[in-house]
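[1] please work out how this folds:
(chains A, B and C)
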Amino acid sequence: MTIDPSTKDIDDIDWNSEDDQEIEDTTGGRTATSNEEASSSSTPCSKLIQNFVGMGFPRELVAKAIEQNGEDSELILETLLTYSVLENSLSENPCAISPQHKPCLNSDESSSGYNENFLDDLSDTYSWSEDDEENADTLSDKERRLLDLTNMGYPMEEASLAMDRCGPEATVAELIDFISAAQVAKSDSLYWQEDDIKPKLKNPSNANDRHKRRKLYNYELQRKKRQTGVFDEDNQPLRLPKPMVGFGVPTETSPTFQGRTISSEATGPPYFYYENVALAPKGVWETITRHLFDVEPEFVDSLYFSASARKRGYIHNLPIENRFPLLPLPPRTIHEALPLTRRWWPAWDYRTKLNCIQSAVGSAKLTERIRNALEVSVGEPPLAVQNYVLEECRRWNLVWVGLNKVAPLEPDEVEMLLGFPKSHTRGISRTDRYKALGNSFQVDTVAYHLSVLKELYPRGINVLSLFSGIGGAEVALHRLGIHLKNVVSVEKSEVSRTVMRSWWEQSNQTGNLVEYGDIEGLERDEIKRVMASVGGFDLVIGGSPCNNLSGSNRVSRDGLEGKESSLFFEYVRVLNVVKGIL
DNA sequence: ACAAAGATGAGGCGCTTA
DNA sequence: TAAGCGCCTCATCTTTGT
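    From the prediction side, this is the model:
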């Protein structure tokens, strides 16, 4: 362990001036809500069904809603209203029924393609009486106002959020004002527009096929449900959201969510941020969540920030409002990120995004094998050859660098795709560079989540960085323009520590860097001592080893109890020590 | 010794089809 | 519903070459 009291000049980083590209995520929606009365859901309550059927909802929908929500009448109602809103927004022009506030900001242009796709085919699937008000006297006051708003054409999620934010006494007019304000802040791009690599749902040719439409309808509902990142309290398997955008990404329309509630036990400071692979074996994320104060994981695929995919789960107690991305926004297609490949890219290789960057790369021999396979034919190769080449390209993330020549990404290119400065890992062996980079954060993704700290700590922060690797967290904070007062870094690999220290010096840091090698040897007294010396920690950040969780591991994918991945519990231990001392 | 190449599937999910 | 298919995955270990 060493302390480096650097006394360099103020660095000349181009602080991205304020929140230029700030995207706000105040759109309505709902997070997981506990259904207190769901315990006896095995007996479908016919009275309950009658009640909702009496309101004008189709019986089959009511049954389905009960199936989904148990017997919590409020949840059932919300689900049914969601069906209703979906129905209304599809069967007619949503804006046409909107009041002066124009609630559907992004439906004018962008949703048209969406509708054309398949949703308009759902329009006449179900019908129920339009005048729900007739039955409104059986509803609570809250439910009635919710109905009012949805009948005006406001999305259910936004109406619900507005009611929660504005309190029980708010008038409908006030609620409308809130919703409108939220919508103004909303991005107008739609996530299904651009980057849906392979749209799985085709336009059903027979629009009258009721059964097919039902399937699509259910699919859409499930999608909406997954978007909220529902985490069932009964230890139900945790489902990954699709699209995997967590609480929102800058480049896509945010999923609807309703803020979130974090237990007092989990509330910062200190803020904590934990990361690992999204596609871990079953039960792993449930366990991780349980040990991190039951905070719901945020699953994000970095392909929304980069030209390469990276599906990761993040658990943190940071605010999720007023995030902003690093600028400039990085290229998000292969052609933009690697323009020189365009010239050689064959039309039959329709990849626009790279797969996840891993720690091993394809060999030069493979490049030769592929070249040989391609050179036997002039012009477009036979389908079998295409398939072989594409398979290898996908498996090894190869790009076209010459005629009939594919190659793995260069370390510099990997650095760029992951958001690191060019040559960040220069000076270590090529193999080590690939390995260290493959184990690292995607900087833009993490920075987006951490961006909320800039406002909270305008004078800089103290960071405890566990499993630092090559310093993804530090680079992210630095690029955000957050001054690093003290960084206490714990990293086992000497090679990675070298990269980190080298970056620290080259980026003219004015704070202190304290390095440890072994997290297991970092005991309570030492933590206490170092905290006293730096003045406590504002952020505890780290991604614990994924070795035993990653699907790529064919030898020892042993889950959280695996040799390396069990170090997750060291993260928990150290975090709790820090919380205890603070 | 060091670096590159090759061999080594399971598991999970989305989606389609029977 | 269930079975089947396509796709992807922060990797490890041994062998070979320099």
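
[2] write out the residues of the stretch 301-450 of chain A neighbouring DNA strand B.
    Taking CB under 7 Å from any atom of the strand as the measure of proximity, the stretch 301-450 of chain A contacts DNA strand B at A:360, A:363-366, A:429-432. In this view, the C-beta of every residue, glycine as well, is placed from N, C-alpha and C.

[3] try 6 Å
    A:363-366, A:429-431 (CB under 6 Å from any atom of the strand).

[4] in JSON lines, list these along with distance to A:Gly481, secondary structure and pLDDT.
    As requested, these are exported to JSON lines (distance: CB to CB, whole Å; DSSP: H, G, I helix; E, B strand; the rest coil; pLDDT from 0 to 100):
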{"residue": "A:Ser363", "distance to A:Gly481": "41", "secondary structure": "coil", "pLDDT": "97"}
{"residue": "A:Ala364", "distance to A:Gly481": "41", "secondary structure": "helix", "pLDDT": "96"}
{"residue": "A:Lys365", "distance to A:Gly481": "45", "secondary structure": "helix", "pLDDT": "96"}
{"residue": "A:Leu366", "distance to A:Gly481": "42", "secondary structure": "helix", "pLDDT": "97"}
{"residue": "A:Ser429", "distance to A:Gly481": "33", "secondary structure": "coil", "pLDDT": "95"}
{"residue": "A:Arg430", "distance to A:Gly481": "32", "secondary structure": "helix", "pLDDT": "96"}
{"residue": "A:Thr431", "distance to A:Gly481": "34", "secondary structure": "helix", "pLDDT": "96"}
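
[5] wait, which of the residues you listed is closest to A:Asp412?
    A:Arg430 (11.1 Å; CB to CB).

[6] out of everything not next to it in sequence, what's closest to A:Tyr457?
    Leaving out its chain neighbours, the residue that sits closest to A:Tyr457 by CB to CB, 6 or more residues apart in numbering is A:Asp538, at 6.0 Å.

[7] that older thread, neighbour-wise, which one of the residues of the stretch 301-450 of chain A next to DNA strand B leads?
    Highest neighbour count within those, by other CB atoms under 10 Å: A:Leu366, with 18 neighbours.

[8] the residues of the stretch 301-450 of chain A next to DNA strand B: which two are farthest apart?
    Greatest spatial distance in those: A:Leu366 and A:Ser429, 20.1 Å, computed using CB to CB.

[9] enumerate the residues of the stretch 301-450 of chain A near DNA strand C.
    Counting by CB under 6 Å from any atom of the strand, the stretch 301-450 of chain A comes close to DNA strand C at A:309, A:311, A:355-356, A:358-360, A:394-395, A:438-439.

[10] filter these down to the ones in strands?
    Per DSSP state E, strands hold the following members of those: A:Lys311.

[11] may I see the residues of the stretch 301-450 of chain A next to DNA strand C organised as JSON lines, with neighbour count added?
    Converted to JSON lines, these look like this (neighbours: other CB atoms under 10 Å):
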{"residue": "A:Ala309", "neighbour count": "18"}
{"residue": "A:Lys311", "neighbour count": "15"}
{"residue": "A:Asn355", "neighbour count": "15"}
{"residue": "A:Cys356", "neighbour count": "20"}
{"residue": "A:Gln358", "neighbour count": "15"}
{"residue": "A:Ser359", "neighbour count": "16"}
{"residue": "A:Ala360", "neighbour count": "12"}
{"residue": "A:Arg394", "neighbour count": "13"}
{"residue": "A:Arg395", "neighbour count": "11"}
{"residue": "A:Gly438", "neighbour count": "16"}
{"residue": "A:Asn439", "neighbour count": "21"}
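
[12] and the residues of the stretch 301-450 of chain A next to DNA strand C, which is closest to DNA strand B?
    For these, the minimum distance to DNA strand B (CB to the nearest atom of the strand) is 6.4 Å, reached by A:Ala360.

[13] that closest one reaches A:Gly438, doesn't it?
    Yes. A:Ala360 is within contact range of A:Gly438, at 7.4 Å (criterion: CB atoms under 8 Å).

[14] just the closest of the residues of the stretch 301-450 of chain A next to DNA strand B to A:Gly402, please.
    A:Ala364 (13.0 Å).

[15] got the contact list for the closest residue in space to the closest one that isn't next to it in sequence?
    Distances taken as CB to CB, 6+ apart place A:Ala407 nearest to A:Ala364, at 8.0 Å, with adjacent residues excluded. For A:Ala407, the contacting residues are A:362, A:364, A:367, A:398-399, A:401, by CB atoms under 8 Å, 6 or more residues apart in numbering.

[16] and A:Ile482, by the same measure?
    A:450, A:453-454, A:457, A:460-461.

[17] can you redo the residues of the stretch 301-450 of chain A next to DNA strand C as JSON lines with pLDDT?
    Below are these laid out as JSON lines (pLDDT from 0 to 100):
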{"residue": "A:Ala309", "pLDDT": "98"}
{"residue": "A:Lys311", "pLDDT": "98"}
{"residue": "A:Asn355", "pLDDT": "98"}
{"residue": "A:Cys356", "pLDDT": "98"}
{"residue": "A:Gln358", "pLDDT": "97"}
{"residue": "A:Ser359", "pLDDT": "97"}
{"residue": "A:Ala360", "pLDDT": "97"}
{"residue": "A:Arg394", "pLDDT": "97"}
{"residue": "A:Arg395", "pLDDT": "97"}
{"residue": "A:Gly438", "pLDDT": "98"}
{"residue": "A:Asn439", "pLDDT": "98"}
